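Undergrad: Next one to model:
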Amino acid sequence: MGTDHVEGEGLVRRFTPARVSSAGTFHVAVVDKAGMLLTCGQDDAGGRDGILGHGEGVNKLPSPTAVPALYHVTIQSVSAGDAHTLALAESGAVYSFGVGLGGRLGHGDEATAREPKLVEALAASRASSISAGGSHSLVLLADGTVHSFGAGYSGALGHGDCNSQLLPRQIVLSGPVVASPQLNRRGERRWGEEGVAELHSARSIQACAVSAGTDHSLLLTLDTNQVFSCGSGSHGQLGHGSLLSELALRVIEALRVMPIRFRAIAAGCDFSLVLTQDARVYSFGAGSRGQLGHNTCRLPKQPLPREIEKLRGERVTAIAAGTDHSLVLTEAGAVLSFGAGDNGQLGHEVPEEMRGEGRSPQFTPDETLPREINALRGVPIKEIAAGDGISLAVEALVGDGMGRAFGWGCTRQGFLGHTPQELTPMERARVVKDVGMATAARQRPASRRSAPMTPRGAL
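TA: Okay, the predicted model is just below:
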């Protein structure tokens, strides 16, 4: 990894990365390059027995430690919820452990699992993606079907009710049949009578991506390339033009009628991001901290998808939604951030007027427009993640596929933001503790949130 560091404002610190990491509220799960699953953290608040997966009596681990029960299983990815964890093996098997309330572990009961346990109901299938939400779980199988289980708050499971599911249950489209536009040779949607494909089955869905937020879910379909949502709509995070919850999957009509294809989805705490194939980014939901990127925080709830105009021409390739801030990655490897900056999670320099005695060094203004992180200029970033008050970026590296990782923001144990330098093993655990990679649940512990700073450019 070397000892060289990024020059710039000194807002981003470097640490040696794991291959994949994901965080809950009080624990973190890490997959190293060899496919070993490691966890760390502690049961700070009680009621979270088993979150580390190390068996009876192990309630605190200061640094990432290999999970004994999975020593001989090669793990491909991991996703941590508030008090439970999903692990996806290279074989396609799904393991879960932690608190089982609501059935979020998928074992047919609500019992706590202190060690990883195979989700037997999915043993005959091969999973390709997992996502752990606040108290529910999503599993995407290789055949494109999606199964959900756990607490059904606000309809987050997509089964037409608010009931909990103790076992994985396939999500189906129970609403009206939706017409799917055909695509031309360039992949663009065709409209008009000749461009409408035959109606697809109202009882099946073929997905290529899933994302679980705190209490809402997003799905991107493979066959029709449409974005569906369900669950809580309290802030407009479902994109249907209202603040109502949806008990069953519902296509986001405002996106369906667009003559473009979609590439990625990201569910934050109370907001959502969607990336199109032509590099446009749409946002909707809670926007009181500027996390929607529309140059205002006076419209705290955006119930319809709206393009982030500032990103036009940036060639965005990846998106990440945290608790109340957002990150985007461009084709050139640049990282832009916007939203809440109260914990230094945006990676920008502290304004001169905010420096001095009596001021917390990590506090920076909220940003209502995407702004490039200067400290990462010149570093070819390949992956980004946004968590609760903290952010992560992984550098591209030709050869073994792993590069340096950079963390900035604030963990519950301390501030990471300034002076790029190597972190101790303890600090490395703290960095990933609050960071959720692509499919991680986004939690919002009220105890660590501070009052919003005055945003830049607010209307």
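
Undergrad: Do I have it right that residue 284 meets residue 301?
TA: No: with contacts counted by CB atoms under 8 Å, residue 284 stays clear of residue 301, the gap being 9.1 Å. (C-beta placed from N, C-alpha, C; glycine too.)

Undergrad: shared neighbours, those two?
TA: Counting by CB atoms under 8 Å, 6 or more residues apart in numbering, the common neighbours of residue 284 and residue 301 are residue 236.

Undergrad: Give me the more crowded residue out of the two.
TA: For residue 284 versus residue 301, neighbours defined as other CB atoms under 10 Å are more numerous around residue 284 (27 against 18).

Undergrad: Can you pull out the residues in contact with the host helix or strand of that one?
TA: Secondary structure from DSSP states H and E places residue 284 in strand 281-286. With CB under 8 Å, 6+ apart as the test, strand 281-286 has contacts from 235-239, 255, 268-276, 291-294, 300-308, 311, 316, 319, 324, 326, 328.

Undergrad: low-confidence ranges in the chain?
TA: Applying pLDDT under 70 to the chain flags residues 1-28, 41, 43-48, 63, 174-203, 352-363, 397-405, 410-459.

Undergrad: Would you map the helices across it?
TA: For the chain, applying DSSP state H gives helices covering 253-256, 425-433.

Undergrad: wait, what's in contact with residue 345?
TA: Contacts of residue 345 (CB under 8 Å, 6+ apart): 322, 325, 337, 339, 386, 389, 390, 391, 408, 409, 410.

Undergrad: can you redo those residues as JSON lines with distance to residue 42 and neighbour count?
TA: Putting those into JSON lines (distance: CB to CB, whole Å; neighbours: other CB atoms under 10 Å) gives the following:
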{"residue": "322", "distance to residue 42": "22", "neighbour count": "31"}
{"residue": "325", "distance to residue 42": "25", "neighbour count": "30"}
{"residue": "337", "distance to residue 42": "29", "neighbour count": "30"}
{"residue": "339", "distance to residue 42": "28", "neighbour count": "30"}
{"residue": "386", "distance to residue 42": "23", "neighbour count": "33"}
{"residue": "389", "distance to residue 42": "18", "neighbour count": "28"}
{"residue": "390", "distance to residue 42": "18", "neighbour count": "29"}
{"residue": "391", "distance to residue 42": "23", "neighbour count": "31"}
{"residue": "408", "distance to residue 42": "24", "neighbour count": "28"}
{"residue": "409", "distance to residue 42": "20", "neighbour count": "31"}
{"residue": "410", "distance to residue 42": "18", "neighbour count": "23"}
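
Undergrad: residues in contact with the closest residue to residue 116 other than its chain neighbours?
TA: The shortest distance from residue 116 to any non-neighbouring residue, by CB to CB, 6 or more residues apart in numbering, is to residue 95 (4.1 Å). Shown in contact with residue 95 (CB under 8 Å, 6+ apart): 70, 73, 86, 87, 88, 89, 116, 117, 118, 119.

Undergrad: 7 Å - rerun?
TA: Contacts were defined as CB atoms under 7 Å, 6 or more residues apart in numbering; by that measure residue 95 touches 70, 87, 89, 116, 117, 118, 119.

Undergrad: about what we covered before: which one of the contacts of residue 345 is nearest to residue 263?
TA: Each of those was scored against residue 263 by CB to CB, and residue 386 proved nearest at 17.6 Å.

Undergrad: Next, the contact list for the closest residue to that closest one other than its chain neighbours, please.
TA: Leaving aside its sequence neighbours, residue 386 sits nearest to residue 322 (CB to CB, 6+ apart; 3.2 Å). Neighbouring residues of residue 322 by CB under 7 Å, 6+ apart: 268, 345, 386, 387, 388, 442.

Undergrad: Distance from the chain centre to stretch 257-265, please.
TA: 19 Å (CA atoms, centre = their mean, to the nearest Å).

Undergrad: ugh, typo on my part, it should be stretch 284-296
TA: How far stretch 284-296 lies from its chain's middle: 17 Å, per CA atoms, centre = their mean.

Undergrad: go on, stretch 163-173?
TA: Mean-position distance between stretch 163-173 and its chain equals 21 Å (CA atoms, centre = their mean).

Undergrad: what's the answer for stretch 378-387, then?
TA: Distance, stretch centre to chain centre, for stretch 378-387: 14 Å (CA atoms, centre = their mean).

Undergrad: buried sites along that stretch?
TA: Going by neighbour count (16 or more other CB atoms under 10 Å), the buried part of stretch 378-387 is 379, 381, 382, 383, 384, 385, 386, 387.

Undergrad: hmm, back to that, which of the contacts of residue 322 fall in strands?
TA: If you go by DSSP state E, the contacts of residue 322 have residue 386 in strands.

Undergrad: can I get the contacts of residue 322 in JSON lines with distance to residue 130?
TA: Formatted as JSON lines, the contacts of residue 322 follow (distance: CB to CB, whole Å):
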{"residue": "268", "distance to residue 130": "18"}
{"residue": "345", "distance to residue 130": "25"}
{"residue": "386", "distance to residue 130": "18"}
{"residue": "387", "distance to residue 130": "17"}
{"residue": "388", "distance to residue 130": "20"}
{"residue": "442", "distance to residue 130": "15"}
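
Undergrad: Closest to residue 371 out of the contacts of residue 322?
TA: Residue 371 lies nearest to residue 345 out of the contacts of residue 322, by CB to CB, at 12.6 Å.

Undergrad: still on that earlier bit, gap between the residue nearest to residue 386 and residue 34?
TA: Noted for residue 322: a distance of 29 Å to residue 34, by CB to CB, to the nearest Å.

Undergrad: again with residue 102
TA: From residue 102 across to residue 34, the span is 33 Å (CB to CB).

Undergrad: Comparing the two, which shows the higher neighbour count?
TA: Set residue 102 next to residue 34 and count neighbours by other CB under 10 Å: residue 102 wins out with 21 against 9.

Undergrad: Test my guess that residue 102 contacts residue 153.
TA: No: if you go by CB atoms under 7 Å, residue 102 and residue 153 don't touch, sitting 8.4 Å apart.

Undergrad: Common neighbours of the two, please.
TA: residue 135.

Undergrad: got a list of what the closest residue to residue 333 other than its chain neighbours touches?
TA: In this structure, residue 333 finds its nearest non-sequential neighbour in residue 380, 4.1 Å apart by CB to CB, 6+ apart. Residue 380 makes contact with 333, 395, 396 under the criterion CB under 7 Å, 6+ apart.

Undergrad: any idea which of those residues is the one closest to residue 53?
TA: Of all the contacts of residue 380, the one with the least separation from residue 53 (CB to CB) is residue 395, at 29.1 Å.

Undergrad: doesn't residue 381 make contact with the closest one?
TA: Yes: Residue 395 is within contact range of residue 381, at 6.0 Å (criterion: CB under 7 Å).

Undergrad: What separation is there between the residue lying closest to residue 230 once chain neighbours are set aside and residue 59?
TA: Excluding its sequence neighbours, the residue lying closest to residue 230 (CB to CB, 6+ apart) is residue 158, at 4.2 Å. According to CB to CB, residue 158 stands 34 Å off from residue 59.

Undergrad: Then residue 366?
TA: Residue 366 sits 36 Å away from residue 59, going by CB to CB.
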